[in-house]
Each structure stands twice: as structure tokens, then as C-alpha cells.
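Colleague: Task: produce atomic coordinates for the following.
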Amino acid sequence: MAETKSNGSKSKAQAKRASTEAKKSAAKTAKASKRATTKAAAAERNQVQAAVEAAVDVPVGAALTVSDRLSELVEPWTDRNKAERQIKNYRSNLRKSLKRTERRGTTARRRAITEARKTRNQVEREARRRQREVETTLKRNRNDVEQRVRRAIEVPTTRAQDLVGTVSSQLSALR
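Modeller: Numbering: from 1, shown residues only. The predicted structure follows:
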């Protein structure tokens, strides 16, 4: 019986220890769960806070940018010397731009004139070449026609003269 009692005591102690360990484990788990929940809540809070800050910062930044740009535009005109300097700067830039535009126009005009001259010269050369060809062909054809006409006239004339000569000799022989 003593053995059973000691087994019984051991069981109680073991059960008590197991119960204590289970409580500690549950407490640890609850604590870890609470920490995780707290961390998640903090992360969500940080995200929400960042979104809210961005929602506020963007319009404020835009307003400041517009204000800076307006100041930059207005500042040169607040003082007479600054305004005169700004106008002088505008004139200088306008003059430079005008000169640049004029140079580009001059270059384009020169190119166009050069191209027109080239084209005109090519057309004139081609016209002279064709005129020479036509004149040469015309001269050749005229000479051919004249030779044919001469031959056409000479052959019957020669024949007629031969016939006249033959007829004259026959008439003289008859007389």
C-alpha cells in the first residue's frame, strides 16, 4: 500500500506540476498572442497614420510649390531695378532667338536658291541636248530629202534628155 500511496503522491505532484506548466504555457501563449495583436495594431496604426499624413502633406506641398512659383514670377517685378533687369533679359533672349531664326531662314533660302539653280541648269542642259538632237535629225532628214529630190529630178531629167537626144538624132536622121 505504501507503494500505491507513493505512486499516488507522485501522480498528484506530477499532475500539479503539469497543471502549473500548462498554466505557464497558456500564460505565455496569451502573452505572445497579446504581443502579436499589439504589434499588428501598431503596424496598422502606423499605416493609417502614414496615409493620413500623406493626405495632408500632398495639398500642403502643392500649395507651397504654387506659392514658390508665384514668388519667383512676381519677385523680379517688385523692384524697379529688378524689373528693368528682367525686361533687359527678355529683350536679350528675344534678340538671340530672332537672330537664330533669321540665320535658319537665310540658310533655308540659300539652299532653296541653290537647288533651284541646279534644277534650272539641268533643265536647260536637257533642253539644249534635245534641241541639238532635233536639229541634227532635222538636218540629216533635210539632206536625205534633198538628195532624194535631186535624184528624183535628175533621173527623169537625164532620161528625158536622153530621149530628147535620141528623138533629135532620129529626127535629124530622117531629115
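
Colleague: Pull the distance from the host helix or strand of Thr106 to the chain's centre.
Modeller: Of the helices and strands defined by DSSP states H and E, Thr106 is found in helix 80-174. Averaging C-alpha coordinates over helix 80-174 and over its chain gives two centres that are 43 Å apart (CA atoms, centre = their mean, to the nearest Å).

Colleague: Check what pLDDT the spatially most central residue of the chain gets.
Modeller: For the chain, the residue sitting closest to the mean C-alpha position, by CA atoms, centre = their mean, is Arg104 at 20.9 Å. The model reports Arg104 with a pLDDT of 96.

Colleague: What of the one 10 residues further on?
Modeller: pLDDT, Thr114: 98.

Colleague: got a list of what it touches?
Modeller: Residues counted as contacts of Thr114 (CB atoms under 8 Å, 6 or more residues apart in numbering): none. Glycine gets a C-beta too; all of them are placed from N, C-alpha and C.

Colleague: any idea how far it lies from Gly105?
Modeller: The gap separating Thr114 from Gly105 is 15 Å, by CB to CB, to the nearest Å.

Colleague: again with Ala173
Modeller: 99 Å.

Colleague: So these two - more neighbours on which side?
Modeller: Gly105 (10 against 7; other CB atoms under 10 Å).

Colleague: any idea of the mean pLDDT in stretch 56-71?
Modeller: Along stretch 56-71, the predicted confidence averages to a pLDDT of 87.

Colleague: no wait, stretch 123-131
Modeller: Per-residue pLDDT values across stretch 123-131 average out to 97.

Colleague: Identify the residues contacting the residue nearest to the centre of the chain.
Modeller: For Arg104, no residue counts as a contact, taking CB under 8 Å, 6+ apart as the criterion.

Colleague: Distance-wise, check it relative to Lys118.
Modeller: 21 Å.

Colleague: just Ala15 next, same as before
Modeller: From Ala15 over to Lys118 the distance is 115 Å, taken as CB to CB.

Colleague: Kindly report the same for Val60.
Modeller: As defined by CB to CB, Val60 lies at a distance of 65 Å from Lys118.
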